[in-house]
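Asks: next input, structure requested:
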Amino acid sequence: GAGWREQDYVFTSANGDHWHPDTASGTFQELLTLAGLPHVRLHDLRHSCATALLTEGTHPKLVQEQLGHSRYQTTMDKYSHLVPSLRNEVADTMESVVAKGREALAAKTASRPGKEVVQ
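Replies: Have a look, this model is predicted:
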């Protein structure tokens with residue numbers, strides 16, 4: 001209504017003023033109870049969001065922007081250890097690069113008789 005003040009907050013009072021963090025957390029806990037869900041901290045949703053996005057392959061720079069971190073490194077320091085699949089992706093990529101290199105070398109060597117490729 002007429003008393004609303006737009007201040008770009010996520011959680012607001014009826015007039016748009018910010019909620020104290022304890023108020024937001026307390027209300028969140030009440031909603032969890034009403035929904036029959038386990039109690040988690042409101043901040044845990046942030047971690048869940050980051051982990052889910054990274055696990056599903058969202059580029060870490062986009063995750064950084066979504067979370068509002070000022071530096072890409074902050075996001076990766078906090079969340080990359082939670083996503084073991086990132087390590088697997090690195091290993092798979094390197095395996096592919098090495099295989100392509102072997103194929104290229106084999107093709108090049110095949111065009112020069114008397115040269116063999118070391119496997």
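Asks: remind me, longest helix of this structure?
Replies: Using DSSP state H, we find that the single longest helix of the chain is helix 84-110.
Asks: state the mean pLDDT of that one.
Replies: Averaging pLDDT along helix 84-110 gives 82.
Asks: and stretch 63-82, how far from the chain's centre?
Replies: In terms of CA atoms, centre = their mean, to the nearest Å, the centre of stretch 63-82 is found 7 Å from the chain centre.
Asks: need the residues that contact that stretch.
Replies: Stretch 63-82 has contacts (CB atoms under 8 Å, 6 or more residues apart in numbering) with R46, H47, C49, A50, T51, L53, L54, P60, K61, L86. For glycine as for every other residue, the C-beta is placed from the backbone atoms N, C-alpha and C.
Asks: please list only the buried members of those.
Replies: Buried members of those, counted by 16 or more other CB atoms under 10 Å: A50, L53, L54, P60, L86.
Asks: so which of these are in helices?
Replies: A50, L53, L54, P60, L86.
Asks: sketch out the low-pLDDT regions of this protein for me.
Replies: Applying pLDDT under 70 to the chain flags the ranges 82-86, 113-119.
Asks: ok, now with 80
Replies: For the chain, the stretches with pLDDT under 80 are 1, 80-90, 110-119.
Asks: what is the nearest of the buried ones among the contacts of stretch 63-82 to G16?
Replies: Within those, the smallest distance to G16 is 27.9 Å, found for A50 (CB to CB).
Asks: so the closest residue to that closest one other than its chain neighbours is in which element?
Replies: Nearest in space to A50, with sequence neighbours left out and distances taken as CB to CB, 6 or more residues apart in numbering, is Y79 at 4.6 Å. Following DSSP states H and E, one finds Y79 within helix 72-79.
Asks: buried residues in that helix?
Replies: T75, M76, Y79.
Asks: A106: which of these is nearest?
Replies: M76 (36.7 Å).
Asks: any idea how far that closest one is from R46?
Replies: M76 sits at a distance of 15 Å from R46 (criterion: CB to CB, to the nearest Å).
Asks: before we move on, what about A2?
Replies: Per CB to CB, A2 is found 34 Å from R46.
Asks: right, I'll call it a day here.
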